[in-house]
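K.L.:
Sequence first, then the predicted structure, then my questions.
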Amino acid sequence: MSPRELPPSSAFAGDDGSADPELAAALGAFGAGSGSVADVVAALAGARVLVPVLADLEVGDVATHDGHELAVDKVASAGIVALRAPDGRTALPVFSSVAAMTTWRADARPVPSVVARAALSAVEEGWEVLVVDPGGPVTVLVPRPAVWALAKQEPWRPAVTGHAVDDDVRAAVAAALAAVPEVARTDVEPGRRAEVAVVLALRPGLDRAGLDAVLVRVNDALAADGTVAARVDSLELRLTTAG
């Protein structure tokens, strides 16, 4: 079977391998700077994507896009691959069209799937994110909370919209850290190195060992909070001293 042909499947009979129009429009807008990851995720919901199967591939093979290396991290028994994303996490590659997949790897065989099934497969494998069209022309990394939402066929509510952190996320962070007495004050804002930054104003007088112990409690409290775990893709901590 040619890599440019879709395998026969009753669920996708008549599929010519072209991109879903809404998904193509969302990717185009994202590439032009007028769209967002949330727009792409909304267009993905319910869409058909293509999962690549590669017969002869070794872990460590590398594809490059926009100066970022996407190394093959794992190969499942069926030949489905996972890539190592630029931030170090494991990503399942999915494609909007046969043309986009062929640009990435001419020898890839496209297997059509509804995005919910692809996202659920990634979750079950422990692969944190999806990467849409890693060979371009527009590549989008779908964050972990959005992958979970797609797998559950639920709307994704980003933790950060525009330049503001969602009020529910802000409240969840404040509630989670209320039980850490050394934290005098918290603030939450969009991150620089992560999606969300938690700014901690700590009470003075902590030595290095005390600071380390507080940070462990802070991280444990945030990890245990259901809203933070479900809504926030990644966190960074910033420290200040309470006046």
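P.N.:
Yes, it's here.
K.L.:
If we ignore the residues flanking it in sequence, what's nearest the residue nearest to the spatial centre of the chain?
P.N.:
Central residue of the chain (Cα atoms, centre = their mean): residue 143, 1.8 Å from the mean position. With sequence-adjacent residues excluded and distances taken as Cβ to Cβ, 6 or more residues apart in numbering, residue 143 is closest to residue 233, at 3.9 Å. Any C-beta I mention is one placed from the backbone N, CA and C, and that applies to glycine too.
K.L.:
Assess the claim that that neighbour and residue 159 are in contact.
P.N.:
Yes - with contact defined as Cβ atoms under 8 Å, residue 233 counts as touching residue 159 (6.9 Å).
K.L.:
quick one: low-confidence ranges for the protein?
P.N.:
1-13, 56-79, 242-243 (pLDDT under 70).
K.L.:
Surely residue 45 and residue 151 touch.
P.N.:
No - under the criterion of Cβ under 8 Å, residue 45 makes no contact with residue 151, lying 10.8 Å away.
K.L.:
so what sits against both of those two?
P.N.:
residue 116 (Cβ atoms under 8 Å, 6 or more residues apart in numbering).
K.L.:
if we can go back for a sec, and the residue nearest to the centre of the chain, what is it in contact with?
P.N.:
37, 129, 195, 233, 234.
K.L.:
Next step: these restricted to helices.
P.N.:
residue 37 (DSSP state H).
K.L.:
Distance from the helix or strand containing residue 149 to the middle of the chain?
P.N.:
Assigned by DSSP states H and E, residue 149 belongs to helix 144-151. For helix 144-151, the separation from the chain centroid amounts to 8 Å (computed by Cα atoms, centre = their mean, to the nearest Å).
K.L.:
do the same with stretch 89-106
P.N.:
Relative to the centre of its chain, stretch 89-106 is centred 16 Å away, using Cα atoms, centre = their mean.
K.L.:
start to end distance for that stretch?
P.N.:
End-to-end distance for stretch 89-106, by Cα to Cα, to the nearest Å: 25 Å.
K.L.:
Next: stretch 155-165.
P.N.:
18 Å.
K.L.:
quick one: it to chain centroid distance?
P.N.:
14 Å.
K.L.:
What are the buried residues along it?
P.N.:
156, 158, 159, 160, 165 (16 or more other Cβ atoms under 10 Å).
K.L.:
Narrow the residues you listed to those in strands?
P.N.:
In strands, defined here by DSSP state E, the members of those are 160, 165.
K.L.:
Domains in this protein, by residue range?
P.N.:
Following automatic domain parsing, one gets these domains for the chain: 10-151, 160-241.
K.L.:
Could you identify which of the ones you listed is most buried?
P.N.:
Highest mean neighbour count among the domains of the chain (mean count of other Cβ atoms under 10 Å): domain 10-151, with a mean of 18.
K.L.:
which residues in the protein form strands?
P.N.:
Counting by DSSP E, the strands of the chain are 48-53, 62-65, 68-75, 81-84, 90-94, 109-114, 129-132, 140-142, 160-161, 164-165, 183-190, 196-202, 235-241.
K.L.:
Can you add distance to residue 102 and give the ones you listed back as JSON lines?
P.N.:
Below are these laid out as JSON lines (distance: least, Cβ to Cβ, whole Å):
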{"stretch": "strand 48-53", "distance to residue 102": "10"}
{"stretch": "strand 62-65", "distance to residue 102": "13"}
{"stretch": "strand 68-75", "distance to residue 102": "16"}
{"stretch": "strand 81-84", "distance to residue 102": "15"}
{"stretch": "strand 90-94", "distance to residue 102": "13"}
{"stretch": "strand 109-114", "distance to residue 102": "9"}
{"stretch": "strand 129-132", "distance to residue 102": "15"}
{"stretch": "strand 140-142", "distance to residue 102": "19"}
{"stretch": "strand 160-161", "distance to residue 102": "34"}
{"stretch": "strand 164-165", "distance to residue 102": "40"}
{"stretch": "strand 183-190", "distance to residue 102": "37"}
{"stretch": "strand 196-202", "distance to residue 102": "37"}
{"stretch": "strand 235-241", "distance to residue 102": "38"}
